[in-house]
Every structure is written in structure tokens, then in C-alpha cells.
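[1] Mind folding the following:
(one chain, ligands or ions: 1)
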Amino acid sequence: MHLLPTADEVVGILRETGALRDGHFEYPSGLHSNEYLQIPLAMRYYQHARTLSVGLSRLLRANSEIRTMIPQLSVVAPATAGLPVAYGICEALRAHQVYWAEKNGDGLPLRFRQFLVQSPGENVVLVDDILRSGKELTELRALVEAGGAQVLGIAVIIYQPTPETQDFGSLPLFYLAKLEASYYSDAAACELCKRGVPLVKVWV
Ligand SMILES: [Zn+2]
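    Model (predicted):
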């Protein structure tokens, strides 16, 4: 495999590891879809994790603004699915540091560990395994910017937009593959429900 895997190679890894699944799924938001992705199933194999995060690091390095900042760059992720991606990218880029934000319970805000202090004007790339709704990355961006840091871009292994995906404006978005599933706003609108395809409720 090349240093930058093609979108087909990435999708192949996801299918082979059971991370990308075809069927009939209901998200916690109530959306129905014919496709579901759980990237940690691919990241459990270290060589695949490495292939994916090194590939993503190549895309970041190709951006001149980010390349210039690498020695001072912070790689920041939401826990937990973003962590292996963030560490893989930080290692491949030899970036300055990696840290993460987490939630201590449903409905609570994302926050950093106690005593973690950002430097004023710190340059940050936000990293996660997937961009789907974008809610968590939007919250992470606000948290990072509230600490005085500057977000240079967002990097995810897979961009899987839904009708609810949030807009990040002019912020550069880096991804290895884009997946476009079919989405239905609820059961009443769902073609798969009409055809009686067995439904699986997904946790996240
Ligand atoms: Zn359905």
C-alpha cells in the first residue's frame, strides 16, 4: 500500500474489518440509513491504524500553512475514537503535542483534563475518526478557541455527511475517503422500513 492510500483501499480496510456495514440502521437522533461505520473496529489492527493515520498525516503535510507550523503544532481530538488517529498523526508528523477533550457524562460539556493549559495563539489541528454530524468537532473547536488557540484545519479518516452535518465554513477539511449513504429522517420516510428490512439501532 502507498503512503497515501486511495479511497478504495481505505473503504476496503473498513469493509474487511467489519467497520463499514451495509444494512438498515437507526441512529440515536432518529435518522435511518442503509450504511453504518464504526472505525474503531478497523483501528484495533495496528497496521491498519498506522496505514490510515500515516495517510491522513500526508494530506496535512501537503498543506503549506500546516506544514510550516508542524514543530509547534498541537493535535487535539475528542476522546475516545479520535485518540488512535491523533497519536498516529502526531507520530507521523513529529508534531509538538497531542491532547484530548472528553465528556464526563451524557449532556455534559467537553473539557480537557485538569491543569491542561493552552498557549495563547497555539496552532491546532482537530482530529477525529469520522465527521458525521460534526456536533462534537464543533464543540471541540469552540473549546480550543476559547483557550486562545487557533484551529488550522480538521482531519478525519472518513467524511460521511448526513443531512444534519454542521458547516465548518472556510476551515480546511482533510479526509481519506468520503462515504455517501442514503438517509431517511425517520421510520415513516424510510424506504428500508417500507421493505421490512430488519432494523439495527446503533449506539453512536
Ligand atoms: Zn428504516
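[2] contacts and neighbour counts: CA atoms only from here.
    Fine.
[3] how many neighbours does whichever residue of the chain sits closest to the ion have?
    Closest residue of the chain to the ion, Cα to the ion: C193 (4.0 Å). Using other Cα atoms under 10 Å, C193 is surrounded by 17 other residues.
[4] was I right about it contacting S185?
    No. Using Cα atoms under 8 Å, C193 makes no contact with S185, being 11.9 Å away.
[5] Could I get the buried residue list for stretch 191-198?
    For stretch 191-198, burial by neighbour count (16 or more other Cα atoms under 10 Å) applies to E191, L192, C193.
[6] In a markdown table, list those residues along with distance to L60 and pLDDT.
    A markdown table is the format used below for the buried residues of stretch 191-198 (distance: Cα to Cα, whole Å; pLDDT from 0 to 100):
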| residue | distance to L60 | pLDDT |
| --- | --- | --- |
| E191 | 39 | 97 |
| L192 | 38 | 97 |
| C193 | 41 | 98 |
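[7] Quick one: low-confidence residue ranges for the protein.
    Of all residues in the chain, those with pLDDT under 70 make up the ranges 1-2.
[8] So which bits of it are right by the ion?
    Within the chain, the positions lying close to the ion (Cα under 5 Å from the ion) are H32, A187, C190, L192, C193.
[9] out of these, who's nearest R132?
    H32 (13.6 Å; Cα to Cα).
[10] Any idea how far apart the tips of stretch 65-76 sit?
    Using Cα to Cα, to the nearest Å, the span of stretch 65-76 from its first residue to its last is 17 Å.
[11] So which residues make contact with it?
    By Cα atoms under 8 Å, 6 or more residues apart in numbering, the list of residues contacting stretch 65-76 from outside reads 60-61, 86, 89-90, 93-101, 122-127, 152.
[12] list the buried ones in that stretch?
    I66, R67, M69, I70, L73, S74, V75, V76.
[13] ditto for stretch 94-114
    A95, Q97, V98, Y99, W100, A101, E102, L110, R111, F112.
[14] and if you look at stretch 119-128?
    E122, N123, V124, V125, L126, V127, D128.
[15] Can you name the residues bridging to the last one?
    In this case it means D128. V156 (DSSP bridges).
[16] related to what we said a few turns ago, as a markdown table, the residues of the chain next to the ion with secondary structure would be great.
    Below are the residues of the chain next to the ion laid out as a markdown table (DSSP: H, G, I helix; E, B strand; the rest coil):
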| residue | secondary structure |
| --- | --- |
| H32 | strand |
| A187 | helix |
| C190 | coil |
| L192 | helix |
| C193 | helix |
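[17] what about the strands in the protein?
    For the chain, the strands defined by DSSP state E occupy 20-26, 32-37, 74-78, 97-102, 111-112, 123-131, 150-159, 173-178, 183-184, 200-201.
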